[in-house]
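Engineer: Sequence first, predicted model second:
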Amino acid sequence: MKDRVGAETDPMRKARILEAYLRSTFEYELGAPQLNRTNVLESFLFEERRGHCERFASALALLLRHQGIPARVMAGFVPGQRNFFSGWHDIRFSDAHAWTEAHFESTGWVTLDGTPRALHPPPGLEWQDLFEALDFAWYAHVVNLDAGTQNELLTHAIAAGAEAFALVSSKVPHLIAALGLWGLAAWLWKKRRGSASKPIARSTQERRAEAARHFYEEMLRALEKQGHTKPPGTTPAEFVQSLHHYPPEFLPEIQNVTALFCRSRYGGKPLEQEDLEKAKAAIHRLATTPS
């Protein structure tokens, strides 16, 4: 593969050349053919030239190391298509992915992906989006939150319901839309009454940990609306460091919400109600901050 980079000496340009080579001349295929078990990567690079993302990630890491560039294989999930109703990315098992990271003295770790892009149909309205949006909203914003937050959500849900009715009624006959929304309202009311009569036994710390996650996600949504989207694979701390151009008077609030989330999610540290109140106030302020 040395001839692929030729006389190029810049490590970053070498990496991009190798990345483009795999993406443009190899074929992505799930359930890829069996490889020679004694020379797996050689079999992939020089014989089969097709496979799933793990093979591309491993092959690119090997090629980078041959060029003296530190590299590692990463595994996780890529953002799926945006949910038509909630606006969030739906992450499914089919979105599992492996990619490569390379380290450069000037920039640190940089994400590279040698896997060719799969073809997807253009996004559009799917009824599965509605059910997944309702399911996420129910567990993230009702079951896992206290009564005060639930009542606040119900107020917003009424306003959102009116907008949803206008959207749906413009795409299907008015009678079907009205019946569907009335049936949905009855189902939500019944389920809410049922959960109220049979509370889930959860500790105070568990509820506060869920609230910390909720506030962190709300912060990410507010920042995304202002043009600051958290890239896939970026840690919370790395994302905060990338916001050096954000108005400095608001950075401490972003840092506090992030620290609260990390302390709860990864450190298992107890959270105080005062911390959650401060996080809630910070989210409100960030949501009204000009980008």
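Structural biologist: Nice, I can see it.

Engineer: can I assume Glu253 is in contact with Leu286?
Structural biologist: Yes: Glu253 lies in contact with Leu286 (C-beta atoms under 8 Å); the separation is 6.4 Å. Every C-beta, even on glycine, is put in place using the N, C-alpha and C of the backbone.

Engineer: anything in contact with each of these two?
Structural biologist: Taking C-beta atoms under 8 Å, 6 or more residues apart in numbering as the contact rule, Glu253 and Leu286 have no neighbour in common.

Engineer: In the stretch 101-250 of the chain, what residue spans correspond to strands?
Structural biologist: Using DSSP state E, counting those that start in this stretch, the strands of the stretch 101-250 of the chain run over 108-112.

Engineer: any chance you could map the helices in this structure?
Structural biologist: Using DSSP state H, the helices of the chain run over 2-5, 11-25, 40-43, 53-66, 127-138, 147-169, 174-197, 204-225, 236-241, 251-265, 273-287.

Engineer: Break this protein into its domains for me.
Structural biologist: Domain assignment of the chain by automatic domain parsing yields the ranges 2-112, 125-201, 203-291.

Engineer: Lowest average confidence across the ones you listed, which one?
Structural biologist: For these, mean pLDDT drops lowest on domain 125-201, to a mean of 63.

Engineer: surely Lys280 meets His214?
Structural biologist: No: applying C-beta under 8 Å, one finds Lys280 not in contact with His214, separated by 9.5 Å.

Engineer: Need the residues that contact stretch 243-257.
Structural biologist: Under the criterion C-beta under 8 Å, 6+ apart, residues 215-216, 219, 223, 228, 240, 278-279, 282-283, 285-286, 289 lie in contact with stretch 243-257.

Engineer: so which pair among those residues is furthest apart in space?
Structural biologist: The most widely separated members of the contacts of stretch 243-257, counting by C-beta to C-beta, are His228 and Lys278 (21.0 Å).

Engineer: buried sites along stretch 10-25?
Structural biologist: Of all the residues in stretch 10-25, those buried under the rule 16 or more other C-beta atoms under 10 Å are Pro11, Lys14, Ala15, Arg16, Ile17, Leu18, Glu19, Tyr21, Leu22, Arg23.

Engineer: list the contacts for the last one?
Structural biologist: By C-beta under 8 Å, 6+ apart, the contact list for Arg23 reads Asp113, Gly114, Thr115, Pro116, Arg117.

Engineer: if we go to 10 Å?
Structural biologist: Arg23 is in contact with Phe56, Leu60, Leu112, Asp113, Gly114, Thr115, Pro116, Arg117, counting by C-beta atoms under 10 Å, 6 or more residues apart in numbering.

Engineer: The second one too?
Structural biologist: For Lys14, the contact set (C-beta under 10 Å, 6+ apart) comprises Arg4, Val5, Gly6, Glu8, Leu63, Leu64, Gln67, Gly68, Ile69, Ala102.

Engineer: Having no further points to raise, I will conclude here.
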